[in-house]
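Student: below is the structure, and that's it, no one-letter string:
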Ligand SMILES: Nc1ncnc2c1ncn2[C@@H]1O[C@H](COP(=O)(O)OP(=O)(O)OP(=O)(O)O)[C@@H](O)[C@H]1O
């Protein structure tokens with residue numbers, strides 16, 4: 001179980017996160033949503049250890065991990081797929097997937113991870129994860145590396161960003177499968193209703209605060225009602 005206790009984050013006097021207290025139960029599928037700039041990615045980075053909270057405490061399976069590095073958190077099986085993933089010049093997709101998994105992967109296993117994100121493996125396995133790949137391709141390869149790891153907590157930051165309609169449909173299927181398997185906790189930051197439809201729980205972050213949280217059934221209808229299609233509040 002992941003627990004955040006009164007977590008705040010401040011940069012140069014700007015309050016980016018304010019007193020966030022929440023728990024993510026084992027094997028729970030949580031979608032975090034809310035307006036742009038609300039603090040969702042910052043929260044994800046704080047859970048992964050990329051940013052350190054100014055105050056508050058983070059516990060994972062009862063252990064205080066607040067001061068642990070990204071590496072230490074990765075060893076505890078927490079993984080994060082960035083909103084804008086890095087590229088790895090000189091490293092093939094096959095090698096990156098094997099590194100993520102922790103040992104060499106057979107070609108057919110690599111292929112199945114790539115197919116989970118809507119990529120045709122024969123076109124990609126031996127390509128480098130460099131600038132020659134499009135943004136949407138790098139994004140999907142990064143999601144595949146998270147799928148290839150044996151994690152207790154996976155965090156996906158706007159997996160839909162920059163992804164075409166067809167690949168998005170495939171991704172939704174993959175997340176649906178992860179949700180049904182219920183083998184790990186998933187935190188998915190998303191603005192997409194189709195992703196929110198998969199959530200056991202939805203958390204809304206706005207202006208650096210947790211505005212509300214609840215089951216999909218409790219939150220989604222009011223959330224859909226609150227916004228006009230152009231994104232303006234009714
Ligand atoms: N290191 C930083 N220095 C200054 N401001 C920052 C820093 N990190 C984040 N912010 C600001 O904090 C706010 C929250 O950013 P964050 O990326 O967490 O929002 P978000 O909810 O993920 O937004 P989006 O939906 O657009 O991805 C933004 O106003 C951002 O500009």
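Tutor: Structure received. As the structure is a computational prediction, the values presented were derived from the model and not from experiment.
Student: partner strands of the strand or helix carrying residue 32, with direction?
Tutor: With elements taken from DSSP states H and E, the one containing residue 32 is strand 29-33. Sheet neighbours of strand 29-33, with direction, are listed as strand 185-189 (parallel), strand 201-206 (parallel) (DSSP bridges).
Student: tell me which helix or strand comes right after it.
Tutor: Moving on from strand 29-33 towards the C-terminus, the next helix or strand you reach (DSSP H and E) is helix 40-48.
Student: contacts for that following helix next, please.
Tutor: 2, 4, 7, 9, 16-17, 20, 32-34, 51-53, 58, 70, 73, 78-80, 83, 153, 155, 157-158, 187, 189, 205 (C-beta atoms under 8 Å, 6 or more residues apart in numbering). No exception for glycine: its C-beta is placed from N, CA and C like everyone else's.
Student: now swap in stretch 81-95 and tell me
Tutor: Residues outside stretch 81-95 that contact it (C-beta under 8 Å, 6+ apart) are 41, 96, 99, 105, 107, 110, 114, 124-131, 133, 138-139, 141-143, 145-146, 154-159, 161, 189.
Student: wait, does the helix or strand containing residue 142 make contact with the ligand?
Tutor: Secondary structure from DSSP H and E places residue 142 in helix 135-148. No - applying C-beta under 6 Å from any ligand atom, one finds helix 135-148 separated from the ligand by no less than 13.8 Å.
Student: pick out the residue nearest the middle of the protein.
Tutor: By C-alpha atoms, centre = their mean, the chain has its centre lying nearest to residue 156, at 1.3 Å.
Student: what residues does this structure have near the ligand?
Tutor: With the criterion set to C-beta under 6 Å from any ligand atom, the chain comes near the ligand through 11, 14, 16, 36, 37, 38, 39, 40, 41, 42.
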